[in-house]
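In: Compute the structure for the input listed below.
(one chain, ligands or ions: 2)
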Amino acid sequence: MQDVQLTLHRAAKRYRSSDAPLADHLTTLLQESPTFASPLRKQAEVPLPVDVDSRLHLLRVETDPAIDHEPVFAPDLAVALTQLVAERRKAALLNRAGLQPTRSALFIGPPGVGKTMAARWLARELKRPLLILDLAAVMSSLLGRTGGNLRHVLDYAKGINCVLLLDELDAIAKRRDDQGEIGELKRLVTVLIQQLDDWPSSGILLGATNHPALLDPAIWRRFEAHMDFPLPDRAAIAQFVADTLAPVFPEATAWTAPLAVAFAGKSFSDIERELIAARRYAAINDAPLNDRLAILAGNQATGKAGRIAVATALVDHGLVSQRKARALTGVARDTIRNRTAPKRKPPRRTKQDTP
Ligand SMILES: Nc1ncnc2c1ncn2[C@@H]1O[C@H](COP(=O)(O)OP(=O)(O)OP(=O)(O)O)[C@@H](O)[C@H]1O
Ligand SMILES: [Mg+2]
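Out: Ligands and ions are numbered 1, 2, ... in the order given. Presented below is the predicted three-dimensional model:
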């Protein structure tokens, strides 16, 4: 396989000046061929790497990565991720400019904001299998074996055209100057650095971390792209709530803005969990989901300003009365009355109106 790729690569180079379209075609073939050659079959041929101690599979393999709802990415992040996909799809253009596609990217952000989901999304867009190595889980009880395990997994991943996600990278990539760490961990970092250097441009290597400050600067530097996954802002939460509720709840639209206020500062996965819990309760107790969401919004509100904002949003969107909003959030009715948009009075009839 590698011989064929090498020959194609040389031919593409040779024809670059005399027959650019042919060279482009060859380059595209080179980028795509392992996908066509069915990564599924290749995986069946190459046994999955296994930890020698636990005999557990080190890798989680998703041959056909699927997402049950579309991710909501912050605008900058969406641009960066779309660029990664476009680089692979337009490999010929990059090649013509003498460039390689981005090989590696580091995903940085708190838990539950879509780092793993983005890796799955990338793999799905590129029609590649997703391989996930959870480093925190894999750190062998015998630390000495982890270096070998890591090398083993990366060698395996290099052989198939995949997206490889090194999850919880900070578990391994502790700073080498950390006094508390033993030498073995330092050697592990060295293994990781070598592997990052050797990673082929045909593959996509992703790292995810909640604690960027713990990462060794040498590892940080080796990732070609760094992408921040922020907690969702109000617009992102509203979008997420709409995506989640609209397919199952006809009145979803009225709830997006008030819930976006109530869930301020929460991660997507926290929000998802709360919405599912509310739906479960409503289903089991044959109760209106509206009531459950109102309680949820009231419970989420924290701090005086937060409670007032939630009470106001609930009343403004016509979801509950001022009295109910007071009961849910503890905010005085006078305060709610002063903050909510005044109800428009119906136009007074004048003499001309009456026939
Ligand atoms: N940006 C997002 N858009 C839509 N849903 C999301 C998003 N982020 C997270 N979710 C939901 O939350 C779940 C958990 O997210 P994910 O596993 O991607 O978080 P993570 O950032 O990898 O967290 P951790 O650091 O704990 O691994 C997802 O399966 C998805 O349902
Ligand atoms: Mg994750």
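In: can we go C-alpha only for contacts and neighbour counts from here?
Out: OK.
In: would you list every one of the strands in the stretch 101-250 of the chain?
Out: For the stretch 101-250 of the chain, strands defined by DSSP state E, counting those that start in this stretch occupy the ranges 104-108, 130-134, 163-167, 204-209, 225-228.
In: Please identify the most buried of these.
Out: strand 163-167 (a mean of 26; mean count of other Cα atoms under 10 Å).
In: Kindly calculate the angle that that strand makes with strand 104-108.
Out: Here strand 163-167 runs at an angle of 40 degrees relative to strand 104-108 (axes from the mean of the first three to the mean of the last three Cα atoms, to 10 degrees).
In: quick one on the thing from earlier: rank the strands of the stretch 101-250 of the chain by pLDDT, which is bottom?
Out: Ranked by mean pLDDT, the strands of the stretch 101-250 of the chain bottom out at strand 130-134, with a mean of 90.
In: Name the residues that touch it?
Out: Outside strand 130-134, the residues that touch it by Cα atoms under 8 Å, 6 or more residues apart in numbering are 58-65, 119-120, 123, 157, 162-169.
In: close to ligand 1, is that strand?
Out: No: judged by Cα under 6 Å from any ligand atom, strand 130-134 stays clear of ligand 1, getting no closer than 9.3 Å.
In: Can you mark which positions in stretch 328-345 are buried?
Out: Leu328, Thr329, Val331, Arg333, Ile336, Arg339, Thr340 (16 or more other Cα atoms under 10 Å).
In: Tell me which residues are up against the host helix or strand of the fifth one.
Out: For Ile336, the enclosing helix or strand under DSSP states H and E is helix 333-339. Residues from elsewhere that reach helix 333-339 (Cα under 8 Å, 6+ apart): Ile308, Ala311, Thr312, Gln322, Arg323, Arg326.
In: measure whichever residue of the stretch 151-300 of the chain sits closest to ligand 1 to Phe263 for me?
Out: Closest contact between the stretch 151-300 of the chain and ligand 1, by Cα to the nearest ligand atom, is at Ser269 (3.5 Å). For Ser269, the distance to Phe263 (Cα to Cα, to the nearest Å) stands at 11 Å.
In: which one of those two has more residues nearby?
Out: Higher neighbour count among Ser269 and Phe263: Phe263, with 27 against 13, using other Cα atoms under 10 Å.
In: Just to check, that one is in contact with Ile237?
Out: Yes: counting by Cα atoms under 8 Å, Phe263 touches Ile237, with 7.4 Å between them.
In: still on that earlier bit, drop anything exposed from the contacts of strand 130-134.
Out: Using 16+ other Cα under 10 Å as the burial test, the contacts of strand 130-134 include 58-59, 61-63, 65, 119-120, 123, 157, 162-169 as buried.
In: could you point out which element follows the lowest-mean-pLDDT helix or strand in the chain?
Out: When each helix and strand of the chain is scored by mean pLDDT, DSSP states H and E, helix 39-45 comes last, with a mean of 47. Later in the chain than helix 39-45, the nearest helix or strand by DSSP H and E is strand 59-62.
In: which parts of the stretch 1-150 of the chain sit against ligand 1?
Out: Applying Cα under 6 Å from any ligand atom, one finds that the stretch 1-150 of the chain approaches ligand 1 through Pro71, Val72, Phe73, Pro110, Pro111, Gly112, Val113, Gly114, Lys115, Thr116, Met117.
In: okay, those in CSV with neighbour count and pLDDT next?
Out: As requested, these are exported to CSV (neighbours: other Cα atoms under 10 Å; pLDDT from 0 to 100):
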residue, neighbour count, pLDDT
Pro71, 17, 96
Val72, 19, 97
Phe73, 18, 97
Pro110, 16, 96
Pro111, 17, 96
Gly112, 18, 97
Val113, 22, 97
Gly114, 22, 97
Lys115, 25, 97
Thr116, 19, 96
Met117, 16, 97
